[in-house]
Structure formats: C-alpha cells, structure tokens
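Visitor: Kindly generate the corresponding structure for this input.
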Amino acid sequence: MTSSDSPRQFVRSRNQRMLSGVCGGVAEYFGVDVNLVRVAAVIGAFVSFGTVALIYLAAWMIMPSE
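Guide: Numbering: from 1, shown residues only. As a prediction, the model looks like this:
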C-alpha cells in the first residue's frame, strides 16, 4: 500500500491555526475554506447553547497535531 492509497488522517492544522488548529484541520480534511468552518463553529456554538463548543474542546484534546 503506497502513501497515496492510505486514508487521510484527521489532524489539527499547524498552518491554519487561530486557537488550536481544529477548524483548520477540519477545513483541510474536507477541502473547504477555513473561514467557513470557523464561522460555522461560532454560529453552531451559539445555536446549540455551547454543545459545539464542547465538541470543539473534545476535538482539541483528541485530534493529534500535524
């Protein structure tokens, strides 16, 4: 199995980092703009009364860094 055949790893970004790199890692994994992911995370945190913020914190602790 070559490196191109292996599945991509879900990691925190070093380049697109504002706080911890979780949104940057999600954006790089799905191939979308990091600002869209950040705005979605902030709106989701308010709409869900903090549930998305807790998911973000859990991802910060679980996702490995690049």
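Visitor: Do a quick rundown of the helices in the protein.
Guide: 22-30, 34-47, 51-62 (DSSP state H).
Visitor: Output the contacting helices and strands for the last one.
Guide: Right, helix 51-62. Applying 3 or more C-beta pairs under 8 Å, 6 or more residues apart in numbering; DSSP states H and E, we find helix 51-62 packed against helix 22-30, helix 34-47. The way it works is simple: take the backbone N, C-alpha and C, and place the C-beta from them, glycine included.
Visitor: Check which helices and strands the first one is in contact with.
Guide: Contact here means 3+ C-beta pairs under 8 Å, 6+ apart; on that basis helix 22-30 packs against helix 34-47, helix 51-62.
Visitor: burial count for the nearest residue to Tyr29 once chain neighbours are set aside?
Guide: Spatially, and ignoring its direct neighbours in sequence, Tyr29 is nearest to Phe10 (5.6 Å; C-beta to C-beta, 6 or more residues apart in numbering). When neighbours are counted by other C-beta atoms under 10 Å, Phe10 registers 13.
Visitor: can you check Arg38 too?
Guide: Neighbour count of Arg38, defined by other C-beta under 10 Å: 18.
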